[in-house]
Structure formats: C-alpha cells, structure tokens
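Asker: what would the 3D arrangement of this be:
(2 chains)
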2 protein chains.
Amino acid sequence: MVENNIHPIFDRMQSRSDKERQLGQRGATIWFTGLSGSGKSTIAIALEERLSREGILCRILDGDNIRTGINRGLGFSEEDRRENIRRIAEVCKLFTDTGIVTLAAFVSPTNELRELAREIIGDEDFIEVYVSTPLEECERRDVKGLYAKARRGEIRDFTGITSPFEVPVKPTLTIDTTNRDIESCVDEVYNVIIEKIRLTK
Amino acid sequence: MVENNIHPIFDRMQSRSDKERQLGQRGATIWFTGLSGSGKSTIAIALEERLSREGILCRILDGDNIRTGINRGLGFSEEDRRENIRRIAEVCKLFTDTGIVTLAAFVSPTNELRELAREIIGDEDFIEVYVSTPLEECERRDVKGLYAKARRGEIRDFTGITSPFEVPVKPTLTIDTTNRDIESCVDEVYNVIIEKIRLTK
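Answerer: Residues are numbered from 1 along each chain as shown, chains lettered A, B, ... in the order given. Presented below is the predicted three-dimensional model:
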C-alpha cells in the first residue's frame, strides 16, 4: 500500500453530513430528564416507534442497555455518577455524529450533569425534554417498586426521596405525563423536534 | 399517562431486526487488528467509502474519535488497556445492535484483548481482520513518527518495539498491505463481509 496509491477520496472518513444525506435525516440527541417513573422511557419508546414509521433511524439509550454495558462497574458516588453521564453523552455524540436521532432517557438529576451532557454533545444537537411528572404521581405508579424500597431505606440516595432533583433551568420542552395519554405526550415532543431532524433538501 | 392507555406496540424498543429491515442491511463489527501503521484505518476508511456508495451505513471507530471521547482519562496500564478495549467493544455492540456496520481499527495486540471484544460483541457479529503488514514495513512508513519516538525510548510499551504483538489465532481474514494498492485490499475484505451484511429479503 504505497502512500501515493491512496486516492484523495479515501483520505478521510465519511463526514456527518455524508451520513445525514445517506439517511435523509439530521442527527440529534433528545435528552429526557426526570424522576424515576416519570415516563421518560415510555415517551422515548413511543417516539421511536413513531419516527421509525416515518423512516427515521433512532437509537434509544437507557439504563437497561447502558448500565450493564459501557457503564458496568460504576457505582453511585458523585464521581461515578458524573462519569456515568459523561460516558452516556460521549455515546450520544457518536450516534448523533452518525446522523442518528438518539433518545437518551436518564434521571440525570442535576443541572451540572445535564450541562456536562450538553457540553459534550454540543448545544445545537442537544434537545432537553424535562418530564416533570410530580413525585407523588411517580411514587403512586412505582412501576419498578423502587420508591417503596427507598422509603424502607433499602436504597441510598434515591432521587426524589433521599436525594434532590433539580428542576432544569431552560429545557426545550417540559411535559407532565399525569393523566395524559402517551399519544398526546409524543405529539408534543414530535412537534418540537421534527423540524430539527428533517433534512431540508 | 394511565398504564392501560399504553398500547402494546409502544411497550418495547424497536428491535435490532426492525432496524436492520429499516436500513436494508445487517449490523456487524469488523475488527481490524495489527501494528501501528499496518493500514487498519486506511482500509476501514476506503471500505466505508465503498459500502456507503452501495447505501450501507457504517460507523468507523478508531483512536481519533475514541481516545479523546469515551476513553478519555485511560492510561496504558494493563488494566486501562483492557478497559479501553472493553468500552470500545461495548460501543461496537450498541452500533451493531442498531443495524450498523461498525468498523473498529485498533492495535489490540493480544489474543486476550481481542477475545474480550469478541465476547462482548458476540461471535456471530464479530469479523476479525488481521492486517499483518510486517514491522519493518510499518516502521518504514512511520506515518505518525511513533516508531522513531519509540526507538528513541520516548514511548513506553510501544507495540512491536518494546511490547509484543500476538498474531491472531484464527482471524476471518489476514491481509498484508505491503506493496498492494488499497483497492485490492478493500476488495478482499469486501468479498468476505458482503454476504454477512447483505439483508436477504
């Protein structure tokens, strides 16, 4: 492989805009923040279903595919929580850079953590959706039984119970899912994001 | 968001095969291993160009986009090298699971490291390409000036000079790029992988 045999076109990776053109969409990260049980993953899943029906390629990242994978071994110290979000954001960035609509659903309870994510992903690619369902409703649902455990003192530093959740300062969108059906929640997010991910030809 | 309002179709993320159908391709990881300067990234870049011309979506992962991102802060201890490959493999797995052809170009000098990657990514999705260009040729090219530095003792544990490279036990393909043009190298990889990533309708 003599160097001057390498045609210039082979000299660089396909760029993000090459991939966006190929996919016919723009990459972005939609970052869902909110209490456990607020509806982050439920909205992300329904949004993915809707976007994929329109031919838009998405990738959901949530605790299920991150905690046992890239973030295996991280604990709940402040340092580890930060590293947890840092790695998630770096993965979001790689997917966004591939032109994919990345749906990240993580409690991410502090402004500092969310700003870290925004900084890594880049302001113009970071859409922050605050799922603001109040604690009482999240605890009433208690889908995973975590609130009950936290109340019994079996979970340390559980956000909303023994650890604070800071309301986002200026989210792109705020949604309280109490007494709303999923379709109307998804409509709301869809309407905000669709112009950002549609590729103007 | 009353639970029984959630239609079953919203209950789960889109599966890998949903995404593969959407993209019209199968996900896989092509793992290029070999000495620094052997031609791993060059082949990956040219292969990506070729595949993308056929409408196949790829993602290259290499030192440039990994070391300063998800693997920032890792050093060169044995533990850190293992963690480096572990995280890369977890990212490959996420991309492969999204239906994307993932091209990973990393020295990954030992069988243990490559087996770790294979284990995480999954045997059927892991295509190992050993770029076997000999040390003499890699050192002659010395594109980044790293061999000269290593010979001067300015880099500790440089693979091929002060640290061993273990020849892969049973790679899917072995390519020596010495005196070959890039097109013929890419053809060879292409012919091996295309049947694995083509979606049979």
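
Asker: what stretches of chain A score poorly on pLDDT?
Answerer: Within chain A, the stretches with pLDDT under 70 are A:1-10, A:201.

Asker: and the strands in chain A?
Answerer: With DSSP state E as the criterion, chain A has strands at A:28-33, A:58-62, A:101-105, A:126-131, A:173-175.

Asker: can you lay out the ones you listed as TSV showing mean neighbour count?
Answerer: All C-beta atoms are positioned from the backbone trio N, CA, C, and that covers glycine. Formatted as TSV, the entries for these read as follows, by neighbours: other CB atoms under 10 Å in any protein chain shown:
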stretch	mean neighbour count
strand A:28-33	27
strand A:58-62	23
strand A:101-105	27
strand A:126-131	24
strand A:173-175	19
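
Asker: using a markdown table, please lay out those together with distance to chain B.
Answerer: Converted to a markdown table, the strands of chain A look like this (distance: least, CB to the nearest CB, whole Å):
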| stretch | distance to chain B |
| --- | --- |
| strand A:28-33 | 13 |
| strand A:58-62 | 5 |
| strand A:101-105 | 9 |
| strand A:126-131 | 10 |
| strand A:173-175 | 10 |
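
Asker: now distance to residue A:194 too, for those, in TSV please.
Answerer: What follows is the strands of chain A, written out as TSV (distance: least, CB to CB, whole Å):
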stretch	distance to residue A:194
strand A:28-33	11
strand A:58-62	13
strand A:101-105	10
strand A:126-131	11
strand A:173-175	12
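
Asker: closest to residue B:173 out of those strands?
Answerer: The minimum distance between residue B:173 and those falls on strand A:58-62, with 28.7 Å, by CB to CB.

Asker: of all the strands of chain A, which lies closest to residue A:81?
Answerer: Nearest of those (CB to CB): strand A:28-33, 13.5 Å.

Asker: so where's the longest helix in chain A?
Answerer: The longest helix of chain A (DSSP state H) is helix A:78-97.

Asker: give me the contact list for that helix.
Answerer: Contacting residues not belonging to helix A:78-97 are listed as A:16, A:27-29, A:31, A:59, A:61, A:66, A:70-71, A:74, A:102, A:104, A:106, A:108, A:112-113, A:116-117, A:120-122, A:125, B:59, B:61, B:65, B:69-70, B:72, B:87, B:91, B:94-95, B:98 [CB atoms under 8 Å, 6 or more residues apart in numbering or on different chains].

Asker: cool, stretch A:151-163 as well?
Answerer: Where contact means CB under 8 Å, 6+ apart, the residues beyond stretch A:151-163 that reach it are A:35-36, A:76, A:107, A:109, A:135, A:138-139, A:146-147, A:149-150, A:165.

Asker: spatially central residue in chain A, please.
Answerer: Among the residues of chain A, residue A:104 comes closest to the average C-alpha position under CA atoms, centre = their mean, at 1.5 Å.

Asker: contacting residues around that one?
Answerer: Residue A:104 makes contacts with A:29, A:30, A:31, A:32, A:44, A:60, A:61, A:62, A:88, A:92, A:117, as judged by CB under 8 Å, 6+ apart.

Asker: and the first one, what is it in contact with?
Answerer: Taking CB under 8 Å, 6+ apart, we find residue A:29 in contact with A:92, A:93, A:95, A:96, A:102, A:103, A:104, A:121, A:125, A:126, A:127.

Asker: go again using 6 Å as the cut-off
Answerer: With contacts defined as CB atoms under 6 Å, 6 or more residues apart in numbering or on different chains, the neighbours of residue A:29 are A:92, A:96, A:102, A:104, A:121, A:125, A:126.

Asker: quickly check those for the two that are furthest apart.
Answerer: For these, and using CB to CB, no pair is farther apart than A:104 and A:125, which are 11.6 Å apart.

Asker: for chain A, what lies in contact range of chain B?
Answerer: Within chain A, the residues that sit near chain B (CB under 6 Å from any CB of the partner chain) are A:1, A:5-6, A:10, A:13-14, A:39, A:45-46, A:48-49, A:52, A:59-60, A:69-70, A:87, A:90, A:98, A:177, A:180-182.

Asker: please repeat the previous calculation with a cut-off of 7 Å.
Answerer: Residues of chain A lying close to chain B by CB under 7 Å from any CB of the partner chain are A:1, A:5-6, A:9-10, A:12-14, A:18-19, A:22-23, A:39, A:42, A:45-46, A:48-49, A:52, A:55, A:57, A:59-60, A:65, A:69-70, A:87, A:90-91, A:93-94, A:98, A:177, A:180-182, A:185.

Asker: and those, which of them are buried?
Answerer: Buried residues within the residues of chain A next to chain B, counting neighbours by 16 or more other CB atoms under 10 Å in any protein chain shown: A:1, A:6, A:10, A:13-14, A:19, A:22-23, A:39, A:42, A:45-46, A:48-49, A:52, A:57, A:59-60, A:65, A:69-70, A:87, A:90-91, A:93-94, A:98, A:177, A:180, A:182, A:185.

Asker: which of these fall in helices?
Answerer: Assigned to helices by DSSP H, the following of those qualify: A:19, A:22-23, A:42, A:45-46, A:48-49, A:52, A:65, A:87, A:90-91, A:93-94, A:182, A:185.

Asker: and the residue lying closest to residue A:62 once chain neighbours are set aside, what does it touch?
Answerer: Setting aside the residues directly before and after it, residue A:62 is nearest to residue A:105 in space (CB to CB, 6 or more residues apart in numbering or on different chains), at 4.4 Å. The contact partners of residue A:105, taken as CB atoms under 7 Å, 6 or more residues apart in numbering or on different chains, are A:32, A:40, A:41, A:44, A:60, A:62.
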